[in-house]
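Trainee: Predicted model and sequence below, questions to follow.
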2 protein chains.
Amino acid sequence: MSNPHLKAVPLEKSYRLLNHGPTVLVSARDQENTDVMAAAWACALEFQPAKVTVVLDKSTKTRKIIENSGYFALQVPTLKQLNMVQAVGTISMHDQPNKLEQCGVELFQFDQSDIPVVRGCAAWLLCELIPEPHNQQTHDLFIGKVIAAYADERVFRDGHWYYQDVEREWRSIHHIAGGHFYSIGDPVSADDID
Amino acid sequence: MSNPHLKAVPLEKSYRLLNHGPTVLVSARDQENTDVMAAAWACALEFQPAKVTVVLDKSTKTRKIIENSGYFALQVPTLKQLNMVQAVGTISMHDQPNKLEQCGVELFQFDQSDIPVVRGCAAWLLCELIPEPHNQQTHDLFIGKVIAAYADERVFRDGHWYYQDVEREWRSIHHIAGGHFYSIGDPVSADDID
């Protein structure tokens, strides 16, 4: 971790990193393998203790790695990373063992963690798997307890996103289907309501 | 249902109505009550049969109604409805029995359904609760099987959103915290990748 802009986010505010529904990257490492995949079906589950859900298909290598290791990271990629996100979401490590290299994924680790995370994202949630065999087997649904969270202070600080103040390439991306995404737009605030 | 622009969406494509992570409205009716609340923590769970998840706090009336009735709708509101969404997400029917009137919510029903839905939204998913006591009690997590889906063809048709082709007031809204939202932005597509 050498980027001075990466700052810890209080766990009780970490839900705000996912609340706008971005497509995320899921990363994990076990004793044999390291993989990264894309997931549109990730969501906050609880404020405190902070928890998240993510749907992981049985065909993915990342899922097996998480089942082995008990840890994973969710991270919020940016528009600049669009092609990489689409690539890691399309190519399987089962077919292409050098997938990460091929997709141009650069990994690093935060201090005091050995969960691999993807360089260049806007925010990261490090999670410990809460094993739930029924949810995992029946629904492909994995629940994680957030054990640390970080964001690049240039785009998220003091509990808020500042997408509107930085270059467009920082925007979160929101997959619809087949490689078609929307970027996040402009901030809007509800009027005060009595 | 009198709006000629509302068209059925094939169930296997209904996930695309939620895939970009919008804040949704949750509506339900039992023999005594009808309520609508806002939820940022809603997500697709399965393509086919189409399923969704939504987190419903124990303090909400809507949750109790869904537990009683076994049915609910998720709907994708628009920027034009921002104040209404914030209002139904802030005011509880426990405190204000005339909440829906106060918030300016207009309800209707689709043919062959008695699930109440909110007029003026961009899309609707009618759901049958799949009862899961552990998920509901431990995680406040409710799973629904999508039994019908509809969208306003002016903004979603042929399996795709067309936010970029209509007035900005149609955009989906994505809550961060405390009444601060982002609207969805522009379409972006990954390059073709071999």
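Mentor: Perfect, thanks for sending it.

Trainee: Show me where chain A has its strands.
Mentor: For chain A, applying DSSP state E gives strands covering A:6-8, A:24-29, A:34-39, A:42-46, A:51-55, A:71-76, A:107-108, A:117-118, A:123-130, A:141-152, A:156-157, A:160-161, A:173-177, A:180-189.

Trainee: tell me the most buried of the ones you listed?
Mentor: strand A:24-29 (a mean of 27; mean count of other Cβ atoms under 10 Å in any protein chain shown). Using the backbone N, CA and C atoms, a C-beta is placed for each residue, glycine as well.

Trainee: Output the strands of chain A in CSV; the columns should cover mean pLDDT.
Mentor: Formatted as CSV, the strands of chain A follow (pLDDT from 0 to 100):
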stretch, mean pLDDT
strand A:6-8, 98
strand A:24-29, 98
strand A:34-39, 98
strand A:42-46, 98
strand A:51-55, 98
strand A:71-76, 98
strand A:107-108, 98
strand A:117-118, 98
strand A:123-130, 98
strand A:141-152, 98
strand A:156-157, 98
strand A:160-161, 98
strand A:173-177, 97
strand A:180-189, 96
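
Trainee: Mind putting those into CSV with distance to chain B?
Mentor: Below are the strands of chain A laid out as CSV (distance: least, Cβ to the nearest Cβ, whole Å):
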stretch, distance to chain B
strand A:6-8, 17
strand A:24-29, 10
strand A:34-39, 10
strand A:42-46, 4
strand A:51-55, 6
strand A:71-76, 11
strand A:107-108, 20
strand A:117-118, 16
strand A:123-130, 9
strand A:141-152, 7
strand A:156-157, 10
strand A:160-161, 6
strand A:173-177, 4
strand A:180-189, 3
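
Trainee: now those as TSV including distance to residue B:139?
Mentor: Shown next, in TSV, are these (distance: least, Cβ to Cβ, whole Å):
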stretch	distance to residue B:139
strand A:6-8	26
strand A:24-29	19
strand A:34-39	19
strand A:42-46	6
strand A:51-55	8
strand A:71-76	17
strand A:107-108	30
strand A:117-118	25
strand A:123-130	9
strand A:141-152	7
strand A:156-157	26
strand A:160-161	26
strand A:173-177	24
strand A:180-189	27
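
Trainee: Which residue does chain A have closest to chain B?
Mentor: residue A:21 (1.2 Å; Cβ to the nearest Cβ).

Trainee: Tell me which residues touch residue A:107, please.
Mentor: A:27, A:34, A:36, A:100, A:116-119 (Cβ atoms under 8 Å, 6 or more residues apart in numbering or on different chains).

Trainee: Likewise for residue A:59?
Mentor: Contacts of residue A:59 by Cβ under 8 Å, 6+ apart are A:92, A:94.

Trainee: hang on, the earlier thing: I am assuming the residue of chain A closest to chain B contacts residue B:41, so please confirm or correct that.
Mentor: No: contact status for residue A:21 versus residue B:41: not in contact, 9.5 Å apart, counting by Cβ atoms under 8 Å.

Trainee: got any residues that touch both of these two?
Mentor: Residues touching both residue A:21 and residue B:41 (Cβ under 8 Å, 6+ apart): residue A:43.

Trainee: between these two, who's got more neighbours?
Mentor: A direct count of neighbours by other Cβ atoms under 10 Å in any protein chain shown for residue A:21 and residue B:41 places residue A:21 higher, at 29 against 24.

Trainee: For that one, grab phi and psi.
Mentor: phi 80, psi 30 (degrees, to the nearest 10).

Trainee: With adjacent residues omitted, what lies nearest to it?
Mentor: Sequence neighbours aside, residue B:21 is the residue nearest to residue A:21 in space, at 1.2 Å (criterion: Cβ to Cβ, 6 or more residues apart in numbering or on different chains).

Trainee: How confident is the prediction for the closest residue to residue A:159 other than its chain neighbours, by pLDDT?
Mentor: Computed as Cβ to Cβ, 6+ apart, the closest residue to residue A:159 that is not its neighbour in sequence is residue A:13, at 4.7 Å. With respect to pLDDT, residue A:13 has a value of 98.

Trainee: What is the burial count for residue A:13?
Mentor: 18.

Trainee: ok, the residue of chain A closest to chain B to residue B:188 distance?
Mentor: Per Cβ to Cβ, to the nearest Å, residue A:21 is found 15 Å from residue B:188.

Trainee: same check, this time on residue A:135
Mentor: Relative to residue B:188, and taking Cβ to Cβ, residue A:135 is found at 32 Å.

Trainee: Also residue A:178?
Mentor: Relative to residue B:188, and taking Cβ to Cβ, residue A:178 is found at 13 Å.

Trainee: you'd agree residue A:183 is up against residue A:80?
Mentor: No: judged on Cβ under 8 Å, residue A:183 makes no contact with residue A:80 at a distance of 10.7 Å.

Trainee: ok, now which ones touch the closest residue to residue A:72 other than its chain neighbours?
Mentor: Using Cβ to Cβ, 6+ apart and skipping the chain neighbours, the partner closest in space to residue A:72 is residue A:28 (4.3 Å). By Cβ under 8 Å, 6+ apart, residue A:28 lies in contact with A:34-35, A:62, A:65-66, A:69, A:71-73, A:115-116.

Trainee: Thanks a lot, see you next time.
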